[in-house]
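All I have is the shape, not the residue letters:
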RNA sequence: CGCGGGGUGGAGCAGUGGCAGCUCGUCAGGCUCAUAACCUGAAGGUCGUUGGUUCGAAUCCAACCCCCGCAACCA
C-alpha cells in the first residue's frame, strides 16, 4: 500500500543565480529522496517555488534599476531552466506571487488571528518624518557607534562586523532620500510563540531520535531558550497585503489602529508556500503530463496520482519531509510547525526536517559578491549532469560542512563513478556485445545465490538510509554493490571460462546482466539520466514509475538482448583540464 | 555572553564502553573482458590536549585549545 509523501523543498530566494551550494544544501537531496519514494510506489507530491517578496529583492531591484517583479521575472525562469537541466522532478514549482498563495496566506493568517496566536503589539522602528514612512533596516544608514565608520547599515557594521541594535546607529538617515530618520513606536501583528511553546515542546519530543541529532539539538536549544513574540508584519511595499476587509469584521482588539503601509512579512508567508502550492497543484489542470505555462510555473501530475491536496495535508497518515540549508533550520523546525499547530485545522506536521550544513568552495564560502561561485548550469553542461549529481551527492554536508574542490571532483568521478560503477557496466555490456552478439536466453536460470544476497542487501540498505535522509550513505551502499560486482567479474573469469565451458559462461553472463539491470534501478534516484540510458540499452523503454507499484526490489530476467550499441555512460574527466578551473 | 556543529592514518569520512573501520591516494603483486579500468596483498593512526570514572574509553565525566554555523528586520 502506498503512502502520501509530501516532499517540501525550501523556496529559493530569487535575487540571484543558484550555485552549487544551493544544490548540495537541499535541491539535489530532495530530488533523490522524491525519486526514491516514487520508485517505491508512493504518491509523492514535491513542491516548491520562488520566494519572491522581501527587502533583498527590492535591494536587488534598486541596484539593477528594475522593479521587484522584474527581478522575479528575471531569475525565476533561470531557476526553472536549471532544475530541468538537473532533472529535478517537481510536481509544482511555482512562485509566492500567485493568487492561490495570497489566498492561503490570508487563510492561515486569519486562522491564527482568530485563535489568538496572532496578537497586536508595539515595537520601535526607524521612521522618516519627511517621507512620512517607516523604513526597513536595510534602508537606514549612519555612523557605527563602535568604530565610527560611515554609511553603515543599521543592523550590522560591515567595517567592524558588530551587530547593532535599534537606536545605536549615530545620525541615522534614509538610504533612499538622505532624509533624517528617528526611532518611533509603531503597531504590528506578532505571532505569539509563547502560547505555542508547550505544543512545540510536544512536537519536538515526539521527534527526538528521529531527526538528525544536531538538527534536533539545535531546535531544542532554541525552544529551551524560549521563543518570543515575533513580528509578522512590516512596512514594506513589496509584500503580500493584509486581509484588511476580513480583519475589520473581527473585534476591535484584533485590529491595528493604522493599517497604512503594513504588509505581511516574508518569513511568515514564504513557508505557507508548502500548503498553498499543494492547493495550486490540485487546482491546476493540464492536458500534458508535464509543462511549463506562460508564467514559468512547472507543473506535473500523472494519471495515477490523486489530485486532492487534502490527502497530503489533512490526512494524518501522510508523511511530510522538508529539505533546506541550515539558515532555515529554526523556521522549519519551530516556526512553521507553530503556524500549522496554531491554525488548528489538523494540518500534517513535518515528519522529518532534513537540514544540511553548507558546502564551501575550495575551502571558502560561496559568495556571489566576491565572485567565488560555480555556475551550476555551466558545470553540468561541461561535464555532464549525472557526473555533477554524483560528486555532490557523495559529498553532501549532512552533518558537517562539506567542501567542493576541483581535485575532489576529478578524483571522485574518475576513481569511483567511472572506474567502479561505470566500468562494471561497460565491461559487462561490451563482453555481452562482442561474445554473445547481445543475445542470451537461459530458461531455467537462477541467479548465483551470493550475488543475489548482495543485490538484496543493497536495496535494503539504500532504502533504509535514504528514508533516514542519509543520502550520502545510501549512495555508498549502491557503490558497494558495484564493487562486489567487479570482484564477481574477476573471480569468475568469464573471459577464460567462455573458451572452455560455454554453459558455465552463460550462467556467469546472466548473473552479470541481472546485476546490471538491478543497478540500473538502484542508481535511478541518484543518476537518473544514466539510469535511463542504461535501461534503454538493455531493456528498452524505461519502466514507468507508478503509484502503488513498488519497483525498488530485485528482479531477475531469463533473457537479455541489447537494444542498441553499447555506449559509455560516464566519460572520464581530463584531470589537467578540470584543474585549470581553479585558475578562474 | 548565548544556542549548536566539528577536531579519527596523506585526503574525505564512519564508528557513543569491549582487539580502530570505510572510500580514495601510496607501495608491491596478479589479471587482460573493460574508460591504463578491475582483483589481491601491504605500509600508514599515541582517535585535538590534560586529568578523571571503569576490569576495559575514540566512545562516559571535567577542564582547556583550535575550526565553523546561528543569534530572531539578510528567512
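Sure thing, it's come through. This is a predicted model, so every value here is computed, not measured.

Quickly find the element holding residue A:553.
Following DSSP states H and E, one finds residue A:553 outside all helices and strands.

Contacts only, for the closest residue to it other than its chain neighbours.
In space, and not counting its chain neighbours, residue A:553 is closest to residue A:459: 5.9 Å by C-beta to C-beta, 6 or more residues apart in numbering. Quick note: C-beta positions are derived from backbone N, CA and C, even for glycine. Listed by C-beta atoms under 8 Å, 6 or more residues apart in numbering, the contact partners of residue A:459 are A:518, A:522, A:552-554.

at 10 Å instead, please
With contact taken as C-beta atoms under 10 Å, 6 or more residues apart in numbering, residue A:459 is in contact with A:477-478, A:481, A:518, A:521-522, A:552-554.

Residue A:171: what's its closest spatial neighbour, skipping adjacent residues?
Nearest in space to residue A:171, with sequence neighbours left out and distances taken as C-beta to C-beta, 6+ apart, is residue A:142 at 4.9 Å.

How many neighbouring residues does the residue of the stretch 101-250 of chain A found nearest RNA strand B have?
In the stretch 101-250 of chain A, the residue that lies nearest RNA strand B is residue A:221 (2.0 Å; C-beta to the nearest atom of the strand). Residues near residue A:221, counting by other C-beta atoms under 10 Å, number 10.

Got the domain ranges for chain A?
Structural domains of chain A, as assigned by automatic domain parsing, span the residue ranges A:4-135+A:181-356, A:404-576.

how about the ones you listed in a markdown table, adding mean pLDDT?
Output for these, formatted as a markdown table (pLDDT from 0 to 100):
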| stretch | mean pLDDT |
| --- | --- |
| domain A:4-135+A:181-356 | 91 |
| domain A:404-576 | 95 |
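
could these go into CSV alongside distance to residue A:582?
As requested, the domains of chain A are exported to CSV (distance: least, C-beta to C-beta, whole Å):
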stretch, distance to residue A:582
domain A:4-135+A:181-356, 14
domain A:404-576, 5
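
following the helix or strand harbouring the residue nearest to residue A:553, which helix or strand comes up?
Here residue A:459 sits within helix A:449-467, counting by DSSP H and E. Following the chain from helix A:449-467 toward its C-terminal end, the next helix or strand by DSSP H and E is helix A:471-492.

any idea how far residue A:195 lies from residue A:392?
Distance of residue A:195 to residue A:392, computed by C-beta to C-beta, to the nearest Å: 41 Å.

who has more neighbours, those two?
residue A:392 (28 against 16).

Give me the secondary structure label for the more buried one.
Secondary structure state of residue A:392, per DSSP: H, G, I helix; E, B strand; the rest coil, is helix.

which residues touch it?
A:20-21, A:23-25, A:27-29, A:86, A:359, A:376, A:379, A:402, A:404, A:409, A:412, A:471-472, A:526.

which ones among those residues come in contact with RNA strand B?
By C-beta under 7 Å from any atom of the strand, the members of those lying near RNA strand B are residue A:402.

Let's see which of the contacts of residue A:392 end up in helices.
Within the contacts of residue A:392, residues falling in helices by DSSP state H are A:20-21, A:28-29, A:86, A:376, A:379, A:409, A:412, A:471-472.

Which of these sits closest to residue A:386?
residue A:86 (9.6 Å; C-beta to C-beta).

Can you tell me how far the closest residue to that closest one other than its chain neighbours is from RNA strand B?
Closest residue to residue A:86 apart from its sequence neighbours, by C-beta to C-beta, 6+ apart: residue A:385 at 5.8 Å. According to C-beta to the nearest atom of the strand, to the nearest Å, residue A:385 stands 15 Å off from RNA strand B.

What score does residue A:385 have for pLDDT?
Residue-level confidence at residue A:385 comes out at 96, pLDDT.

how would you label the residue lying closest to residue A:183 once chain neighbours are set aside: helix, strand or coil?
Nearest non-adjacent residue to residue A:183, counting by C-beta to C-beta, 6+ apart: residue A:124, 4.7 Å away. At residue A:124 the chain is in strand, as set by three-state DSSP.

So what's the residue count around residue A:124?
12.

can you check residue A:446 too?
12.

which ones are touching it?
A:452, A:507, A:510-511, A:556, A:558.

Residue A:498 too?
A:431, A:435-436, A:504-506, A:508-509.

What of residue A:343?
With contacts defined as C-beta under 10 Å, 6+ apart, residue A:343 is in contact with A:107-112, A:114-115, A:117, A:272, A:275.

closest to residue A:45 among those?
Using C-beta to C-beta, the contacts of residue A:343 come closest to residue A:45 at residue A:275, 11.5 Å.

got the contact list for that closest one?
By C-beta under 10 Å, 6+ apart, the contact set of residue A:275 is A:6, A:8, A:47, A:100-101, A:104-105, A:107-108, A:309, A:312-313, A:336, A:339-340, A:343, A:345, A:347-348.
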